[in-house]
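Colleague: Below is the structure, and that's it, no one-letter string:
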């Protein structure tokens, strides 16, 4: 056999034969594609993480604002509850005073039945008539 140098070849399962250089080039191409895919996926993950971090930051700020609003509302509710309680107590006290005034006003009133009102009669004339009746009946 002569001095011809034969390149080494690799046989794959599909019975195709490729030189080692072809296999090396294909492996390098495959490695480049995998790195590109990996870099793209990594960059997408980084972008998504940054978006999520931004959203989380916004949500935390909103949560803090809501907590402050809740504290303010609880404080206002406390003040309003105290005011309602005070107003209820005042209403009860005023009701008692009205009742007392009604009772006091009734004590001083006397009703006379059987007296006829005369047209144009004044209060003074009515009092005079009642006084005369009481004097004559009680004497």
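Modeller: Happy to help now that I have it. What you are looking at is a predicted structure, and each value in this text was computed from that prediction instead of being measured.

Colleague: what's the pLDDT at the spatially most central residue of the chain?
Modeller: In the chain, the C-alpha nearest the mean C-alpha coordinate belongs to residue 70, at 7.3 Å (CA atoms, centre = their mean). Model confidence at residue 70, given as pLDDT, is 98.

Colleague: Look up phi and psi at it.
Modeller: Backbone geometry at residue 70, expressed as degrees, to the nearest 10, gives phi -60, psi -40.

Colleague: Summarise which helices and strands whatever helix or strand residue 99 lives in is packed against.
Modeller: For residue 99, the host element (DSSP states H and E) is helix 20-107. Applying 3 or more CB pairs under 8 Å, 6 or more residues apart in numbering; DSSP states H and E, we find helix 20-107 packed against strand 9-11. (Glycine included, C-beta is placed from N, CA and C.)

Colleague: Mean confidence (pLDDT) on the strand it packs on, please.
Modeller: Mean predicted confidence for strand 9-11 is 61.

Colleague: Now tell me which helix or strand of this structure has the poorest mean pLDDT.
Modeller: In the chain, no helix or strand scores lower on mean pLDDT, DSSP states H and E than strand 9-11, which sits at a mean of 61.
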